[in-house]
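1. A predicted structure for the sequence below; I have some questions about it.
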Amino acid sequence: MLVNDGRSGQGTLIVTNATVFDGESAELVDGPVAVRDGRIVSVGDTADLGDDAVVVDAEGGTVLPGLIDAHCHPYGISLDMVDIEASPLSYIAIVAAGRLRNALRRGFTTIRDVAGGEAGLAKAIAEGRLEAPRYLFTGPALSQTGGHGDARPAHWDTCPCHSHTTEVVDGVDPLRRAVRERFRQGAHAIKIMTSGGVVSLTDPIRIPQYSEDEIRAVTAEAARRGSYVAAHSYSPEAIVHSVRNGVRSIEHGNLLDSPSAAAMAEYGAFLIPTLAAYDAIDRRGVELGMAAVSRAKNREVLDAGRQAIELAVAAGVPVGFGTDLMGELEEEQLNGLRLQSEVLGILDTLRCATSVNARLLGLEDLGVVRPGAIADLLVVSGNPLERPACLWDPAAQRVVIQGGRVV
């Protein structure tokens with residue numbers, strides 16, 4: 001693929017010699033795609049953008065909406081939760097900046113940080129001081145004492161550390177204050193832990209966490225702000241407990257069964273599967289020094305994650321896309337597309353990672369290629385519906401466009 005910079009200060013760009021996946025339709029359409037001032041002005045028509053437009057020659061490739069990772073962990077710089085919480089925030093933010101840059105260059109033009117982030121990093125990104133995807137953060141996830149976000153081993157007689165990625169908060173009134181503080185700082189949504197997890201050491205995966213009153217306090221505060229709550233939740237019991245009390249987005253959901261899938265559909269909840277994390281931990285957990293208890297819990301949910309997606313689709317639950325990769329596993333991000341496509345096929349997987357995720361985030365001018373939409377685009381070599389590997393092959397050419405400008 002060729003990029004002719006022209007005189008790019010005029011804010012115009014055109015992608016030529018390309019077919020287009022619009023984020024929704026099963027059929028590709030012919031380009032070009034024309035962009036002015038950060039938004040798409042036409043698809044399939046030759047727009048008069050002037051002689052100074054940036055020209056991207058796709059050489060027969062395909063234009064897609066920029067990918068959206070709805071479960072990303074820029075602050076998850078280690079597989080050791082205690083190590084993250086014990087590290088200085090300045091160090092975490094610097095490492096996170098590199099992780100965000102890497103995600104953007106892979107083609108993820110928007111990410112939702114569901115356990116971390118804060119106003120300073122978001123401000124630096126908004127001001128263009130960092131090369132990063134569009135950044136939607138929840139702030140530290142909320143966990144009960146002894147829950148998934150409580151990183152302490154059982155024998156430690158100490159308080160949780162800095163709450164960079166998770167904060168231990170118990171009780172209705174403290175939770176209300178914590179939610180209000182996150183929104184004060186510009187949080188997109190709120191993340192809570194409503195079941196055990198793989199990386200945490202002391203909590204069984206299946207037991208629901210937080211009481212009904214505690215979850216309702218969080219979801220009510222989010223609803224008043226016009227926002228929503230995402231819940232880390234694995235088991236059927238925890239999933240039903242979450243959606244009945246107002247949670248909009250179930251993260252992981254690996255142990256989903258038919259009745260809990262029906263409950264998700266009844267309450268209008270989304271499922272964000274994260275197959276990349278379990279596959280990567282299964283292959284690389286030993287070499288990276290993960291605790292035996294974490295590897296055992298990962299095996300419990302590994303294969304079930306694929307079945308959970310099938311059950312969700314059968315029940316009519318909207319399924320998005322996330323990766324949940326921490327530490328050195330961040331490089332597996334595109335592999336998540338391959339794994340999800342093995343369950344859903346590549347067309348539906350691309351919908352999950354574009355238009356469905358955009359709908360979850362409430363940003364429907366993202367995740368699509370149509371006039372008026374924000375010009376966050378990914379240009380790949382070839383047709384991904386016929387040769388899906390062009391999406392995740394590290395050697396495959398790609399051009400990433402964010403807000404109408406080539407990254």
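-> Happy to help now that I have it. Keep in mind that what you see is a predicted model, and the values were worked out from it rather than measured.

2. list the contacts of the longest helix along the chain.
-> Counting residues, the longest helix found in the chain (DSSP state H) is helix 89-106. Here helix 89-106 makes contact (Cβ atoms under 8 Å, 6 or more residues apart in numbering) with 67, 69, 72, 74-75, 77, 84, 111, 116, 120-121, 125, 130-133, 135, 162, 164, 330-331, 333-334, 400, 402, 407. Just so you know, the C-beta spots here come from the backbone N, C-alpha and C atoms, and that holds for glycine as well.

3. cool, stretch 368-378 as well?
-> Residues from elsewhere that reach stretch 368-378 (Cβ under 8 Å, 6+ apart): 13, 15, 20-24, 33, 35, 38-43, 63-67, 107, 109-110, 134, 354-355, 358, 365-366, 398-404.

4. of those residues, buried ones?
-> Neighbour-count burial (16 or more other Cβ atoms under 10 Å) applied to those gives 13, 15, 20-24, 33, 35, 40-43, 63-67, 107, 109-110, 134, 354-355, 358, 366, 398-404.

5. re the thing from before, what's the first helix or strand after the longest helix of the chain?
-> Where DSSP states H and E defines the elements, the next helix or strand beyond helix 89-106 is strand 108-113.

6. packing partners for the following helix or strand past that following strand?
-> Using DSSP H and E, the next helix or strand after strand 108-113 towards the C-terminus is helix 119-126. Packing partners of helix 119-126 (3 or more Cβ pairs under 8 Å, 6 or more residues apart in numbering; DSSP states H and E): helix 89-106, strand 134-137.

7. for helix 119-126, buried residues please.
-> So helix 119-126, judged by 16+ other Cβ under 10 Å, has buried residues Leu121, Ala122, Ile125.

8. and if you look at stretch 218-229?
-> Val218, Thr219, Glu221, Ala222, Ser227, Tyr228, Val229.

9. identify, from the buried residues of helix 119-126, the entry nearest to Ala47.
-> Ile125 (29.6 Å; Cβ to Cβ).

10. now stretch 383-392 - C-alpha only, PDB.
-> Coordinates of each C-alpha in stretch 383-392 appear next as PDB, following Å, rounded to 0.1, in the frame of the first residue of the first chain:
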ATOM      1  CA  ASN A 383     -10.100  -9.200   1.300                       C
ATOM      2  CA  PRO A 384     -10.500 -10.300   5.000                       C
ATOM      3  CA  LEU A 385     -13.700 -12.100   4.300                       C
ATOM      4  CA  GLU A 386     -11.800 -14.400   1.900                       C
ATOM      5  CA  ARG A 387      -8.400 -14.300   3.600                       C
ATOM      6  CA  PRO A 388      -8.900 -13.500   7.200                       C
ATOM      7  CA  ALA A 389      -5.300 -13.900   8.100                       C
ATOM      8  CA  CYS A 390      -4.600 -10.500   6.700                       C
ATOM      9  CA  LEU A 391      -6.100  -9.100   9.900                       C
ATOM     10  CA  TRP A 392      -3.800 -10.900  12.300                       C
END
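
11. chain center to that stretch: distance?
-> The chain centre lies 21 Å from the centre of stretch 383-392; the measure is Cα atoms, centre = their mean, to the nearest Å.

12. tell me the buried residues in that stretch?
-> Pro384, Leu385, Pro388, Cys390, Leu391, Trp392.

13. one step back: need the winner for burial among the helices and strands packed on helix 119-126.
-> strand 134-137 (a mean of 23; mean count of other Cβ atoms under 10 Å).

14. return the list of helices and strands in contact with that strand.
-> Strand 134-137 packs on strand 108-113, helix 119-126, going by 3+ Cβ pairs under 8 Å, 6+ apart.

15. give me the helices and strands touching the first one, please.
-> Same thing as strand 108-113. Other helices and strands packing on strand 108-113, by 3+ Cβ pairs under 8 Å, 6+ apart, are strand 67-72, strand 134-137, helix 357-361, strand 398-402.

16. Val172 against Ala217, yeah?
-> Yes - at 4.5 Å, Val172 counts as touching Ala217 under the criterion of Cβ atoms under 8 Å.

17. which of these two has more residues huddled nearby?
-> Ala217 (22 against 13; other Cβ atoms under 10 Å).

18. my guess is that one meets Pro174, correct?
-> No - assessed by Cβ under 8 Å, Ala217 is found out of contact with Pro174, at 9.3 Å.

19. pLDDT score for the residue nearest the centre of the chain?
-> What sits nearest the mean C-alpha location of the chain, by Cα atoms, centre = their mean, is Ala70, with 1.9 Å. Looking at Ala70, its pLDDT reads 98.

20. ok, the residue nearest to Ala18 when sequence neighbours are not counted - contacts?
-> Distances taken as Cβ to Cβ, 6 or more residues apart in numbering place Ala58 nearest to Ala18, at 3.5 Å, with adjacent residues excluded. Shown in contact with Ala58 (Cβ under 8 Å, 6+ apart): Met1, Val15, Thr16, Asn17, Ala18, Gly31, Val379, Ser381, Val399.

21. returning to that earlier point: can you redo the helices and strands packed on strand 134-137 as TSV with mean pLDDT?
-> Formatted as TSV, those follow (pLDDT from 0 to 100):
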stretch	mean pLDDT
strand 108-113	98
helix 119-126	95
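
22. closest one to Pro208 among those?
-> strand 108-113 (23.4 Å).

23. and that closest one, C-alpha only, in PDB?
-> Output of strand 108-113 as PDB, limited to C-alpha atoms (Å, rounded to 0.1, in the frame of the first residue of the first chain):
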ATOM      1  CA  PHE A 108      -7.400  -0.500  17.300                       C
ATOM      2  CA  THR A 109      -8.400   3.100  17.000                       C
ATOM      3  CA  THR A 110     -10.700   3.000  20.100                       C
ATOM      4  CA  ILE A 111     -10.200   1.100  23.400                       C
ATOM      5  CA  ARG A 112     -12.200   0.800  26.500                       C
ATOM      6  CA  ASP A 113      -9.900   0.600  29.600                       C
END
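
24. could you give the angle of it to strand 67-72?
-> Counting by axes from the mean of the first three to the mean of the last three Cα atoms, to 10 degrees, strand 108-113 lies at 20 degrees to strand 67-72.

25. now do the contacts for the residue lying closest to Glu328 once chain neighbours are set aside.
-> Once flanking residues are discounted, Glu328 sits nearest to Leu288: 6.3 Å by Cβ to Cβ, 6+ apart. Shown in contact with Leu288 (Cβ under 8 Å, 6+ apart): Leu79, Gly327, Glu328, Leu329.
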